[in-house]
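K.L.:
could you work out the structure for the sequence below:
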Amino acid sequence: MQIPAYEKNTFLAALPAAEFAVLRSHLAPFDLRIGHCLYYRGDQVGHVVFPLSGLVAMTMPARENGGAGVILIGRDGLVGAFAAEASAPAACDAEVHIGGPALRISAPAFRHVLEQSPSIRRHAARFDSAMMAQAQQTALCHAAHSVEARICRWLLEVEARSDSSKVPLTQSTLAQMLGVRRTTVTLVAGRLEAAGVIKCHRGYIQIISHEQLERCSCECYAQVRAYVAKLTAAPDEGVTPRSLSEPGTPSAARQPSRIIPSIGLN
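P.N.:
Below is the predicted model:
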C-alpha cells in the first residue's frame, strides 16, 4: 500500500490521526528548489515547511567566508517553526541544498493550530529541542574538532536524511556548509577516497563504507542521534503515534561513541 505523502515527514507521521486532522486543512504542497533561500536572517518567517525529502541548511551568515551551516533539516523535521511560534525574526538563513517535495503552512495558521492543540504544541517543542541540540553540538564541533572529522560527520548527517549512500552535494557546497575552503574539502575527500571510504563523482559523493566514515567522524554525530532517539522515544501518555522513527539507523545512535583515527587525516 502506498504511503501517504505526509507520512514521509517525521513530525507529521508522529501525530495521531485526530491531531493531524487539525493541521491537514492548512497544509499546501510546496517545492524545495536547490539554491532557494526560504528566508534570510532577520526576516519574518511567513511559512513553516515540512520537507518530505530534500535538505535545508540553517546557516549563520558571515562576511569573510559566507557563513557556515549549524542545523540540517530534511524529512526528519520542520523549517521555520521556532521563529513562527514566537513571531520572531529568523535567527539563520534557510537555504535549500537538496531539492524535493514539501508541505507548508502559514505562520499565523501554525500558531493558531498550536493554540488549539496542546498535543501538537508538545510535539513542536520536542522538535525545537532536537534542533537546539543539533545547533549546540555543531558549535562545539566547530570549536573542538578537526575539519576532517567534521566533514565525515556532515556526510553522515546528510546520508541519514536522504536514505541513500549517494550524497547529492558537491565539494563546493560542502565547503560552504562547513565554512572552510574548497581546497580543504578536496584534500580530505581525496584521502577518504584513497582509503576506500567514499567515491567522488560529478555532482555527488558516494559513501562506500558507512562504518569507516563513522570511525573517522567525531562523536557529535552519535551524540545528536542518541539525544533525538531518547527525545522521540517518549510519546504523549495514552497516545500511540504512527511513527516516531528518525531517518537512518536508530540503533547506531544508542551505541557509545568513539573516535578511531583509522586513515591518518590529522
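K.L.:
in the stretch 151-266 of the chain, which spans are strands?
P.N.:
Remark: strands assigned in the stretch 151-266 of the chain by DSSP state E, counting those that start in this stretch are 166-167, 198-201, 204-207.
K.L.:
same deal with the stretch 1-150 of the chain?
P.N.:
If DSSP E, counting those that start in this stretch is used as the criterion, the strands of the stretch 1-150 of the chain fall at 28-32, 37-39, 47-51, 55-60, 68-73, 93-98, 100-106.
K.L.:
pull the residues that contact the fourth one.
P.N.:
Yep, that's strand 55-60 we're talking about. Applying C-beta atoms under 8 Å, 6 or more residues apart in numbering, the external contacts of strand 55-60 come out as 32, 38, 41, 49, 67-74, 79, 92-98, 100, 131, 135, 158, 161-162, 177. Heads up, the C-betas are built off the backbone N, CA and C, glycines and all.
K.L.:
what bridges to residue 71?
P.N.:
With DSSP bridges as the criterion, residue 71 is bridged to residue 58.
K.L.:
looks like it contacts residue 135 (just checking).
P.N.:
Yes. The pair residue 71 / residue 135 is scored as a contact, 5.3 Å apart, by C-beta atoms under 8 Å.
K.L.:
any idea how far residue 137 is from the residue lying closest to residue 9 once chain neighbours are set aside?
P.N.:
Excluding the flanking residues, the one nearest residue 9 by C-beta to C-beta, 6 or more residues apart in numbering is residue 50, at 4.5 Å. Noted for residue 50: a distance of 23 Å to residue 137, by C-beta to C-beta, to the nearest Å.
K.L.:
next: residue 111.
P.N.:
28 Å.
K.L.:
about what we covered before: enumerate every residue touching the residue nearest to residue 9.
P.N.:
6, 9, 11, 12, 27, 78, 79, 102, 103, 104, 105.
K.L.:
show me which of the residues you listed is closest to residue 45.
P.N.:
Residue 45 has its nearest neighbour among those in residue 79, at 8.7 Å by C-beta to C-beta.
K.L.:
neighbours of residue 194, how many?
P.N.:
Using other C-beta atoms under 10 Å, residue 194 has 10 other residues around it.
K.L.:
er, residue 211 actually
P.N.:
Using other C-beta under 10 Å, residue 211 has 9 other residues around it.
K.L.:
per-residue pLDDT, it?
P.N.:
Residue 211 carries a pLDDT value of 94.
K.L.:
so residue 204 sits against residue 162, correct?
P.N.:
No. Applying C-beta under 8 Å as the test, residue 204 and residue 162 come out as separate, 10.0 Å apart.
K.L.:
quick one: which of the strands of the stretch 151-266 of the chain is nearest residue 18?
P.N.:
Of all these, the one in closest proximity to residue 18, counting by C-beta to C-beta, is strand 166-167 (37.6 Å).
K.L.:
what sits up against the closest one?
P.N.:
Strand 166-167 is touched from outside by 155, 158, 159, 204, 205, 206, 207, with contacts defined as C-beta under 8 Å, 6+ apart.
K.L.:
who does that strand pair with, and is each partner parallel or antiparallel?
P.N.:
Paired neighbours of strand 166-167 in the sheet (DSSP bridges): strand 204-207 (antiparallel).
K.L.:
how near is the nearest residue to residue 141 once chain neighbours are set aside to residue 105?
P.N.:
Excluding its sequence neighbours, the residue lying closest to residue 141 (C-beta to C-beta, 6+ apart) is residue 220, at 4.5 Å. Distance from residue 220 to residue 105, counting by C-beta to C-beta: 31 Å.
K.L.:
for residue 36, same thing?
P.N.:
18 Å.
K.L.:
can you report how many residues lie near residue 153?
P.N.:
25.
K.L.:
quick one: least confident helix or strand in the chain?
P.N.:
helix 250-253 (a mean of 37; mean pLDDT, DSSP states H and E).
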